[in-house]
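Asker: I would like to see how this sequence folds:
(one chain, ligands or ions: 1)
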Amino acid sequence: MTTITTRCPHCKALNRLPSERINDEASCGSCKEKLFDGMPIEGTSDNFSTLLESDKPVVVDFWAPWCNPCVGFAPIFSDVSKERDGEARFVKIDTEDQQALAAQYRIRSIPTIMVFKGGKMVDMLNGALPKSHFDQWLNEALTK
Ligand SMILES: [Zn+2]
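Answerer: Residues are numbered from 1 along each chain as shown. This next block holds a predicted model:
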């Protein structure tokens, strides 16, 4: 059985659960809030390959806390994540924390947004976009 470690978006506690439950109504062992309530999931080298096995497209935001455009884009990414809950899974990777993943995916500039289907990258975007443009880009990327 594959397990996944994911951080609770509410209390930040780490939770370990079977990977098939990432599509369920899993709740946090610590605060009992929903683990997957449409908010982006924090991607790490521990959980990312399991997240990519999702049967839904996975949209990844490679970012860093010191990057102003990234921080400005964060609320847009969260909003779109909530709006498209069930359609795609949204993951944020802090490239400062997760340097191995940043190197593996050859992240040269941030923010970089990647869309994965069946574990394969199908589209990539460099730089932040206003929400309407990001939605447009995503509509196309998700049909690839
Ligand atoms: Zn919690």
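Asker: mind checking the SS state of the residue nearest to the spatial centre of the chain?
Answerer: When CA atoms, centre = their mean is applied to the chain, the residue found nearest the centroid is residue 91 (0.5 Å). Using DSSP: H, G, I helix; E, B strand; the rest coil, the three-state assignment for residue 91 comes out as strand.
Asker: where's it relative to residue 64, distance?
Answerer: Separation of residue 91 from residue 64 (CB to CB, to the nearest Å): 15 Å. Just so you know, the C-beta spots here come from the backbone N, C-alpha and C atoms, and that holds for glycine as well.
Asker: circling back to that earlier point, OK, contacts around the residue nearest to the centre of the chain?
Answerer: Contacts for residue 91 (CB atoms under 8 Å, 6 or more residues apart in numbering) come out as 40, 41, 42, 43, 48, 51, 58, 59, 60, 61.
Asker: got a list of contacts for the longest helix anywhere in the chain?
Answerer: Scanning the chain for the helix with the most residues, using DSSP state H, yields helix 68-83. Outside helix 68-83, the residues that touch it by CB under 8 Å, 6+ apart are 38-40, 59, 61, 63-65, 90, 92, 110-111, 127-131, 134-135, 138.
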